[in-house]
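**Q** just coords:
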C-alpha cells in the first residue's frame, strides 16, 4: 500500500545556492569593473594635468621674466589639477 506520490517540479536548495552565488559573483565583478574604470580615468586625468603643468613650467623657464610667468599662465595650481573634471568645471563658473 505504498502509493507513489507524484513529484513536484521544484528546484533543490543546492541549485538555488548556485544561482545566488552566480548573481553575487557577477555583481561583485561589475562593482570591481566600475571602481577600476574610475581609477583608470582618474590616473589619466592626473597624467594630463602633470604634463600640462610641466609644459607650462618649461615655457616659463625659457622666458626671461620668471616672476609672474606661472601666475599669468592659464595653468591652474597643482591642487586644482587633481580634482575631478565635474568639480573643476563647477569651480570655474
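**A** In hand now; what should we look at? Here the structure is a predicted model, which means the values were calculated and not measured.
**Q** and residue 56, how close does it get to residue 46?
**A** 16 Å (CB to CB, to the nearest Å). Yep, even glycine has a C-beta here, placed from its N, CA and C like the rest.
**Q** settle it for me: which of the two has more neighbours?
**A** Higher neighbour count among residue 56 and residue 46: residue 56, with 16 against 12, using other CB atoms under 10 Å.
**Q** could you pull out the helices in this structure for me?
**A** Per DSSP state H, the chain carries helices over the ranges 13-62, 69-72, 78-81, 85-92.
**Q** now mean pLDDT too, for those, in CSV please.
**A** Output for the helices of the chain, formatted as CSV (pLDDT from 0 to 100):
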stretch, mean pLDDT
helix 13-62, 92
helix 69-72, 66
helix 78-81, 52
helix 85-92, 48
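**Q** count of residues packed around residue 29?
**A** 10.
**Q** for residue 49, see how far away it is.
**A** 30 Å.
**Q** can you check residue 27 too?
**A** Relative to residue 49, and taking CB to CB, residue 27 is found at 33 Å.
**Q** comparing the two, which residue is more hemmed in?
**A** More neighbours surround residue 49 than the other of residue 27 and residue 49, with 18 against 10 (other CB under 10 Å).
**Q** distance of the more buried one from residue 38?
**A** Taking CB to CB, one finds residue 49 at 16 Å from residue 38.
**Q** what's the answer for residue 46, then?
**A** If you go by CB to CB, the gap between residue 46 and residue 38 works out to 13 Å.
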